[in-house]
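# how would this look folded up:
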Amino acid sequence: MRFYCSIRCPNEIPLLGNTMITQLVKRGDADSAYEMFLQMPERNVRSWTAMVSGFVQCGKPKEAVDLFTEMEEVGLKPNEVTVVAVLAACADLGALDVGRRIHKYSDESGFQRNIQISNTLIDMYIKCGCLEAARDVLEGMKERTVVSWSTMIQGLAIHGKADEALELFSEMTQTGIKPNAVTFIGLLNACSHMGLINEGHAFFC
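From the prediction side, this is the model:
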């Protein structure tokens with residue numbers, strides 16, 4: 001039984017409706033969350049964002065992108081949380097055209113300083129096979145985290161750009177950032193492509 005069945009019209013208050021959507025998503029019940037969303041007589045940006053994010057978290061990227069498109073059509077402007085969620089959906093779908101459009105919107109909205117958005121853009125472009133665009137995002141970041149570097153290193157390695165992956169790792173270490181597990185996986189992939197298995201294992205020593 002859905003936990004909101006005994007409450008009459010809880011979604012008259014957007015905040016409560018948004019909270020209940022989030023709780024349903026945490027339970028993995030995207031369908032009930034969407035039903036709640038549709039019942040809401042009034043939806044704000046957070047309502048749409050909660051549902052877009054919910055679809056992504058529940059492994060429904062197509063539904064997330066479709067809902068994001070509806071959000072645009074009703075004239076609501078996505079916030080930074082919305083952008084991160086829909087970019088993640090685009091990465092899963094390989095929806096490059098939508099991803100590029102959101103990238104443009106993000107820049108026009110002044111979201112360039114949001115590290116999470118930049119990291120998600122890098123991931124999206126890599127998964128869509130656009131390494132140059134991903135590298136451009138990385139190069140344009142004023143502040144980079146280990147996630148920024150590692151995502152790019154892993155992407156280069158997966159796409160057979162082993163030399164570039166190793167060069168980027170060297171650049172990363174020079175900045176003083178310590179590698180994480182994703183970094184090392186990328187390095188192993190790079191070394192494997194180059195036939196440098198022993199060298200790859202040496203990174204773990």
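# shaky segments in the protein?
1-13, 193-205 (pLDDT under 70).
# Domains in it, by residue range?
With domains defined by automatic domain parsing, the chain comprises 1-133, 144-205.
# Need the nearest residue in space to the residue nearest the centre of the chain, chain neighbours excluded.
Nearest to the geometric centre of the chain sits residue 88, at 3.2 Å (C-alpha atoms, centre = their mean). Distance criterion C-beta to C-beta, 6 or more residues apart in numbering; nearest residue to residue 88, sequence neighbours excluded, is residue 56 at 5.2 Å. In short, each C-beta sits where N, CA and C put it, glycine included.
# rewinding a little: doesn't residue 122 make contact with the residue nearest to the centre of the chain?
No. In this structure residue 88 lies outside contact range of residue 122 using C-beta atoms under 8 Å: 11.8 Å.
# where do the contact lists of those two overlap?
Here residue 88 and residue 122 share no contacting residue, scored by C-beta atoms under 8 Å, 6 or more residues apart in numbering.
# all helices of the chain, in order?
Using DSSP state H, the helices of the chain run over 14-26, 30-39, 45-57, 61-73, 80-93, 96-108, 115-127, 131-140, 146-158, 162-174, 181-193, 197-202.
# tell me which strands and helices the second one is in contact with?
Judged by 3 or more C-beta pairs under 8 Å, 6 or more residues apart in numbering; DSSP states H and E, the packing partners of helix 30-39 are helix 14-26, helix 45-57.
# which one of the ones you listed has the most crowded surroundings?
Burial of the helices and strands packed on helix 30-39 is given as mean neighbour count (mean count of other C-beta atoms under 10 Å); helix 45-57 ranks first at a mean of 23.
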